[in-house]
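In: Would you be able to build a 3D model of this:
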Amino acid sequence: MGSYILSRRSLLKSSVIGAAALAAPLGAASAADRLAGNQPADYFSGVVKTQTWCEMCFWNCGVTALSKNGRVYKLEGQPKCPNNYGSLCARGNSGVFLLYDPDRLKYPLIRDGERGSGKFRRVSWDEAASYIAEKLKMIIDVEGPRAVSMIAHGSGQDAFVDHFRMMGAKNIAIPSYSQCLGSRELAWYATYGATFTGREAFDGAGAKAMMFLGRNVLEAVQVGEAKRVTDGLDKGAKLIYVDPRYSKTAAKADYWLKIKPGTDMALVLGMIAHIIQNGLYDKAFIEDYTYGMDEMKEFYKDLTLDWAAAETGIKKESILEVTEVLLKAAPNCFIHPGRRVSRYGDDTQMIRAIAILNALMGNWQMPGGLTTMPSLNVRMPRMAVYEAPEADYERADGVGNSFPLTPANMGLTNKLMEAIHSGKPYPVKALFIYDVNPFHHGSDDEYVKEALGKLDLMVTCDLYITDAALYSDVILPEASYLERADPIKAQSFMIPFLQYREAASAPVGDLLNAWDMAETIGKKMGLQAEWLKIDDYNARVLEKTGITMDLLKEDGVYADESYKEYAYGRANGHEPEFETPYGVVELYSSLLADYGFSAFPEYTKHEQPKDDEFRLLFGRLSFHTHAKTQNLRPLLALQNYRVDMWIPAGKAQKMGIRTGDKVRITKGPKRSSEMTAFVTDMMDESCVFIPHGFGRQSKFMKSAYAMKGASDANFVSNVTDPVSGAAGFHCAFVKVEKV
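Out: Coordinates of the predicted model:
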């Protein structure tokens, strides 16, 4: 175990070194010279600083870009941005390499061969926009706007959402709901009347104890979130980490609970039962601010720590010990509900259990506990002013019908793809994809290909010719975040803030931003709207705020520290308000009960793999984001240009597999590309783990394609959470074989 920890710490260290290397100015003096202050006399002359926010992931850390002679050579974190306070991760530093990646898509393309053939011809923006507009008008004339759909995620999505709403189209899905956060946000809302928010509403820096279940917070890096956790650890906080695998977060934990996959709810319910049966909860908070305690005591009266231990494979004494650690720290503690919670199809109720466990700690709006995320008092206009036509048809993805609790502004990517594939409840004939890749969303490749083959029009807007772009009729090249201006962005946070973006570089090709693309296509279609220019939009945002454009241009960000009082409202004497039907924290969820679901979380016993099978788990590496960064060689160097598959030592020995062997996963007739075996006793014997974002089809992304590996989406399960409608990926079993 000691050597294993050393190797993981070495990997952590290599990530830090890699980040520092990526930050170095291109073609500048050596690192030793820079540290010694021996730069050339004119080293900083002619340097231009521009402000933006990072888009190497969705966290949007504040960034200052440094350019010289028109070329960006370095990125620095903005010191005043609450997302990162001056820090950048390896991915953030690699933005320069993204900007100048020779594989970038540099001009519009129209398909000139069979879908998937990779045959395209270069066209002008006028021809591309005309082609799309004519096809969309034809489809709408014949089938109506219900036949038009979109999947989008990223800073430019709002422009295209407005565009589609002008057409009367409402089959719009944002993948972060069904593939990631949906079950969590719905569970939190059903309990507290508020969501946990994308910014993560917890106070790691002030915590005395914190617990994460499968949320590998120090490896699935969001700089601000990870910094809050490490700040808390520096102050002596206890870290409890629950995961079948010994991750980087486990390496920093005081308690690592190696849990049997699929049994997290048993652990949480066992802790809840022990606390309420022994009267160990915060009685004042429960009495003043909750509903349903008496009913909950009755509901869980037969659950015990012995039962939880038997289900999870964790010793009863360990469960009791970590429960006592949290209770001792309460209310300055939290149990994190996870982020990518599309796991087993019962995820809404699983997160409900975590929400209830937090309530028992009395940690709402308390230092070190759960916070709220206030917003600045600014008005954010739409990107275009228009009157949307009435859309009185039911959605193809079942939102508002089969899934009445799913928010209409988010939609269900998984169910939209099913509707395209089946043609039910009606044919969907057009799909616009912005900054996402459905081949890495959780349906197998052949299924996605079949679905896309039923479209009359498919358009992809991206930085690369991705797997999805291969099957598109039109590919639109977007300017990267370093090549474009965008509207001011408002962020809700403990300290809410505004962000400013200006172009740091001239586009490296014939590129547009999403705003200009949407306007160009919309005008070709004859859509009636007042398309705001970015400067006009920004002026409307700042109107009556007292915040000047000069201030934003200087710092890149405006943050208001005074709002922090409301993040800890209850601790500061403010009476908390809960927008639930009962106006308090609902241990008994009246919302779920009204829709026919259990008002309390009920444990689901999940199927386990056979002796020759493994449950497939997947996740992030600290230097990659989803399927977005795998073409950048400096980041691939941090993983030694190979894709590792974690395999438990006991089964690996029986199979004759050693660390370094070439292996692949199989599922029926499916075979992945090769990976490198990493054999370890630091994971549960029932599962294997692979990193997300590999197994590419597109040869146009040369570095990502050369990495081989497995596309987890081609092997995972695709079950549906009946409450949220979100996907569940971890119910799939695979086999492993040597190559």
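
In: Quick one: low-confidence residue ranges for the stretch 1-150 of the chain.
Out: Scanning the stretch 1-150 of the chain for pLDDT under 70 picks out 1-45.

In: Just the pLDDT for the closest residue to residue 333 other than its chain neighbours.
Out: Nearest non-adjacent residue to residue 333, counting by Cβ to Cβ, 6 or more residues apart in numbering: residue 209, 4.1 Å away. Quick note: C-beta positions are derived from backbone N, CA and C, even for glycine. For residue 209, the model assigns a pLDDT of 98.

In: show me what contacts residue 209?
Out: 237-240, 325-326, 328-329, 332-333 (Cβ atoms under 8 Å, 6 or more residues apart in numbering).

In: and it, what are its phi and psi?
Out: Dihedral angles of residue 209 (phi, psi; degrees, to the nearest 10) stand at phi -150, psi 140.

In: And for residue 487?
Out: Reported as degrees, to the nearest 10, the phi and psi values for residue 487 are phi -60, psi 150.

In: how far away is it from residue 80?
Out: Distance, residue 487 to residue 80, using Cβ to Cβ, to the nearest Å: 20 Å.

In: neighbour count winner among those two?
Out: Remark: of residue 487 and residue 80, residue 487 carries more neighbours, 25 against 15, as counted by other Cβ atoms under 10 Å.

In: Grab the nearest non-local neighbour of the more buried one.
Out: Per Cβ to Cβ, 6+ apart, closest to residue 487 is residue 537, 4.6 Å.

In: Validate this expectation: residue 205 resides in a helix.
Out: No: going by DSSP: H, G, I helix; E, B strand; the rest coil, the assignment for residue 205 is coil, not a helix.

In: wait, doesn't it sit right on residue 224?
Out: No: contact criterion Cβ atoms under 8 Å: residue 205 and residue 224 do not qualify, at 10.3 Å.

In: Settle it for me: which of these two has more neighbours?
Out: When residue 205 is set against residue 224 and neighbours are counted by other Cβ under 10 Å, the residue ahead is residue 224, at 22 against 18.

In: Surely residue 548 touches residue 542?
Out: Yes: applying Cβ under 8 Å, one finds residue 548 in contact with residue 542, separated by 7.2 Å.

In: what's near enough to touch the closest residue to residue 301 other than its chain neighbours?
Out: Of all residues not flanking residue 301 in the chain, residue 277 sits nearest, at 7.3 Å (Cβ to Cβ, 6+ apart). Applying Cβ under 8 Å, 6+ apart to residue 277 gives the contacts 297, 300-301.

In: Please tell me which one of the contacts of residue 209 counts the most neighbours.
Out: residue 333 (29 neighbours).

In: Can you give me the pLDDT of that one?
Out: 98.

In: Also residue 312?
Out: Model confidence at residue 312 (pLDDT) stands at 98.

In: can you pull the pLDDT of the closest residue in space to it that isn't next to it in sequence?
Out: Distance criterion Cβ to Cβ, 6+ apart; nearest residue to residue 312, sequence neighbours excluded, is residue 263 at 4.4 Å. On pLDDT, residue 263 comes in at 97.

In: next one: residue 531
Out: 89.

In: what are the phi and psi angles of it?
Out: Taking degrees, to the nearest 10, you get phi -80, psi 110 for the backbone angles of residue 531.

In: cool, and residue 397?
Out: According to degrees, to the nearest 10, residue 397 has phi -90, psi 0.

In: Kindly report the same for residue 497.
Out: For residue 497, the backbone dihedrals are phi -160, psi 160 (criterion: degrees, to the nearest 10).

In: who's in contact with the closest residue in space to it that isn't next to it in sequence?
Out: Excluding the flanking residues, the one nearest residue 497 by Cβ to Cβ, 6+ apart is residue 559, at 3.8 Å. Residue 559 is in contact with 80-82, 495-497, counting by Cβ under 8 Å, 6+ apart.

In: Please state the backbone phi and psi of residue 559?
Out: The phi/psi pair for residue 559 (degrees, to the nearest 10) is phi -120, psi 140.

In: pLDDT value on it, please?
Out: 95.

In: Going along the chain, name the strands of the stretch 51-200 of the chain.
Out: 62-68, 71-77, 109-111, 120-122, 148-152, 171-173 (DSSP state E, counting those that start in this stretch).

In: Kindly reformat the ones you listed as CSV containing mean neighbour count and distance to residue 161.
Out: Converted to CSV, those look like this (neighbours: other Cβ atoms under 10 Å; distance: least, Cβ to Cβ, whole Å):
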stretch, mean neighbour count, distance to residue 161
strand 62-68, 22, 25
strand 71-77, 19, 29
strand 109-111, 19, 24
strand 120-122, 15, 27
strand 148-152, 25, 7
strand 171-173, 26, 6
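
In: Out of these, which gets nearest to residue 457?
Out: strand 148-152 (8.5 Å; Cβ to Cβ).

In: Note down every partner strand of that closest one and its orientation.
Out: strand 171-173 (parallel), strand 430-434 (parallel) (DSSP bridges).
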